[in-house]
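Chemist: for reference, the sequence and a predicted model appear below.
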Amino acid sequence: MIKKGALIFFVVFLLVLPFTAHTENFTIRFSHVVSENSPKGRAINYFKNTLEKRTKGRIKVKVYPAGILLDDIAAVGAVKNNIIQMASPAFSKLGLYVRDFQVFDIPYLFENKDEIHNAYTGEIGDILKKKSLSAGFRLLSFWDNGFKVITNNSRPISVPEDMKNLIFRTMGSEVLALQFQLCDAIAYSYPFSSVYDLLKEGVVDGQENTFNNIYSQKIHEVQRYMTISDHGYLGYGVIISPQFWKKLPVSDRKLIKDVLRKTTSLEHKLAAKQNFNDFYRIKNDTSSKIKIKALKKKEKEKWENFFKKHYNEFSQIVSDDIFSEALKLN
């Protein structure tokens, strides 16, 4: 009887164990630096709401927007140590940990968003995922913002040489520092949250960003000139703590990937739409006196040629394999 009772208990235990493991509660702390109404902010809230709904609250997502918890650089370190579980830093910030992320910063290396998305899903994406894991964080997805434009308070910029002696805020990558150095300009790295005040107080002359970020941070209100250069790409890597990932049951990993796949599709659409709309909001904002210069075809070719003749220097910053893969896409 004892043996029979023990056997029944063991069978019941085996049946209950998987159910118990799959009903364990988890909390994901997700940090980012942009506003909640930005494409990334809206996508993260969609991810939170969808994941919590599909798990009936078993997996909770606590979102910390606008840099209220950590800036992008600190967030990567926090993800590596499982202090927070997820973040979505800009490629330039991830480039401080994995230099190859800076391939997206190289001016005019990618001509359009199709090439960017082919990079995400192709060999470049695979390389970055492998190197991210070696650097201590798991890269789950690539998110868009858009191509960057240049603003400043000193003078119109028609050619790269017009940036000479101006001070620009950057996101801190080596590629971005070289980009402005080649124009005889000065690059300084500051957190995104401080850009408006830096420009307003004249600490820096200008900055580079997307229409969405410029509008959401009201940068156009404290800048006099904008050049639509579309020279480099601003995107984000959605990363998760490997320690946290290992704790999750396989079923939860699959669920997170599925929700994130749908969120990524939404984020790409939101980014394209909002950048388009925010350009016209900037252009039609009567409270702003910013003058917008759209480069004509021949003018843009001058910008492209100026930077492309320095590709040998840019290529020294990233690995040979990732640079050659990017050239294949162009």
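Modeler: That came through fine. Residues are numbered from 1 along each chain as shown.
Chemist: strands along the stretch 1-150 of the chain, start to end?
Modeler: Listed in chain order, the strands of the stretch 1-150 of the chain (DSSP state E, counting those that start in this stretch) span 26-31, 59-64, 86-87, 138-147, 149-152.
Chemist: centroid-nearest residue for this protein?
Modeler: Y236 (1.7 Å; Cα atoms, centre = their mean).
Chemist: and that one, what element?
Modeler: For Y236, the enclosing helix or strand under DSSP states H and E is strand 233-240.
Chemist: list the buried residues for the top helix by length along the chain?
Modeler: Longest helix of the chain, by residue count under DSSP state H: helix 250-283. For helix 250-283, a neighbour-count test (16 or more other Cβ atoms under 10 Å) marks 252, 255-256, 259-260, 263-264, 267-268, 270-272, 274-275, 278-279, 281-282 as buried. C-betas here are computed from N, CA, C, even on glycine.
Chemist: my read is that the residue nearest to the centre of the chain contacts S92, right?
Modeler: No: using Cβ atoms under 8 Å, Y236 and S92 do not qualify as a contacting pair, with a distance of 10.0 Å.
Chemist: about what we covered before: tell me the bridge partners for the residue nearest to the centre of the chain.
Modeler: Beta-bridge partners for Y236, by DSSP bridges, are A90, W143.
Chemist: would you reformat the strands of the stretch 1-150 of the chain as a markdown table and include distance to R42, mean pLDDT and mean neighbour count?
Modeler: Output for the strands of the stretch 1-150 of the chain, formatted as a markdown table (distance: least, Cβ to Cβ, whole Å; pLDDT from 0 to 100; neighbours: other Cβ atoms under 10 Å):
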| stretch | distance to R42 | mean pLDDT | mean neighbour count |
| --- | --- | --- | --- |
| strand 26-31 | 13 | 98 | 20 |
| strand 59-64 | 11 | 98 | 18 |
| strand 86-87 | 16 | 98 | 28 |
| strand 138-147 | 11 | 98 | 22 |
| strand 149-152 | 22 | 98 | 25 |
